[in-house]
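> Got a predicted structure plus its sequence, pasted below:
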Amino acid sequence: MSHDPTVNAGDIARLAGVGRAAVSNWRRRHDDFPHPVGGTANQPLFSLRQVESWLRRYGKSYQVSLGDRVWQRLKAAGDLRLGELVALAGVLLTRHA
């Protein structure tokens, strides 16, 4: 699970508490907005770390919960064992709750 977690524009909007149109505007108006690191032209994926850094640099508030971070890490694993990994994460989280 060493891959950098990624988020799409909808995730960014949710984390920053804005609409998807705001994320589109940021991408158009700011040359330094993170470039996609994957996905497709219609559904680009961005590095969560780069997005967080950009949001901090521009004083934009955002919140990435522990659950969001865990989910993004699981998605970044990029293999077909996602269900198994989610189940394992659930077991580990319930043991530490």
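Looks like it came in fine.
> What's the separation between residue 26 and residue 69?
22 Å (C-beta to C-beta, to the nearest Å). Just so you know, the C-beta spots here come from the backbone N, C-alpha and C atoms, and that holds for glycine as well.
> how about the strands in the protein?
Counting by DSSP state E, the chain has strands at residues 6-7, 38-39, 44-47.
> any idea of the mean pLDDT in the longest one?
So the one you mean is strand 44-47. Mean per-residue pLDDT for strand 44-47: 94.
> swap in the second one?
For strand 38-39, mean pLDDT rounds to 90.
> Could you chop this protein up by domain?
1-62, 63-96 (the TED database).
> quick one: buried residues of the last one?
Spelled out, it's domain 63-96. 64, 68, 70, 72, 73, 74, 75, 76, 85 (16 or more other C-beta atoms under 10 Å).
> my guess is the fourth one contacts residue 8, does it?
In other words, residue 72. No. If you go by C-beta atoms under 8 Å, residue 72 and residue 8 don't touch, sitting 10.6 Å apart.
> For this structure, name the helix or strand with the lowest mean pLDDT.
helix 66-76 (a mean of 72; mean pLDDT, DSSP states H and E).
> count of residues packed around residue 46?
25 (other C-beta atoms under 10 Å).
> Give the rounded mean pLDDT of stretch 90-97.
78.
> quick check: longest helix of this structure.
Across the chain, the longest stretch assigned as helix under DSSP state H is helix 82-95.
> tell me which strands and helices the least confident helix or strand of the chain is in contact with?
Counting contacts by 3 or more C-beta pairs under 8 Å, 6 or more residues apart in numbering; DSSP states H and E, helix 66-76 packs against strand 6-7, helix 82-95.
> Which other helices and strands does the longest one contact?
Spelled out, that is helix 82-95. If you count contacts as 3+ C-beta pairs under 8 Å, 6+ apart, helix 82-95 packs onto helix 66-76.
> tilt between the helix it packs on and helix 82-95?
Helix 66-76 runs at 150 degrees relative to helix 82-95, counting by axes from the mean of the first three to the mean of the last three C-alpha atoms, to 10 degrees.
> CA atoms only: put helix 66-76 into PDB for me.
Provided in PDB are the C-alpha atoms of helix 66-76 (Å, rounded to 0.1, in the frame of the first residue of the first chain):
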ATOM      1  CA  LEU A  66      -9.400   9.100   9.600                       C
ATOM      2  CA  GLY A  67     -12.100   7.100   7.800                       C
ATOM      3  CA  ASP A  68     -11.400   9.100   4.600                       C
ATOM      4  CA  ARG A  69      -7.700   8.500   4.900                       C
ATOM      5  CA  VAL A  70      -8.100   4.800   5.500                       C
ATOM      6  CA  TRP A  71     -10.500   4.500   2.500                       C
ATOM      7  CA  GLN A  72      -8.200   6.400   0.200                       C
ATOM      8  CA  ARG A  73      -5.200   4.200   1.200                       C
ATOM      9  CA  LEU A  74      -7.300   1.100   0.600                       C
ATOM     10  CA  LYS A  75      -8.300   2.400  -2.900                       C
ATOM     11  CA  ALA A  76      -4.700   3.200  -3.600                       C
END
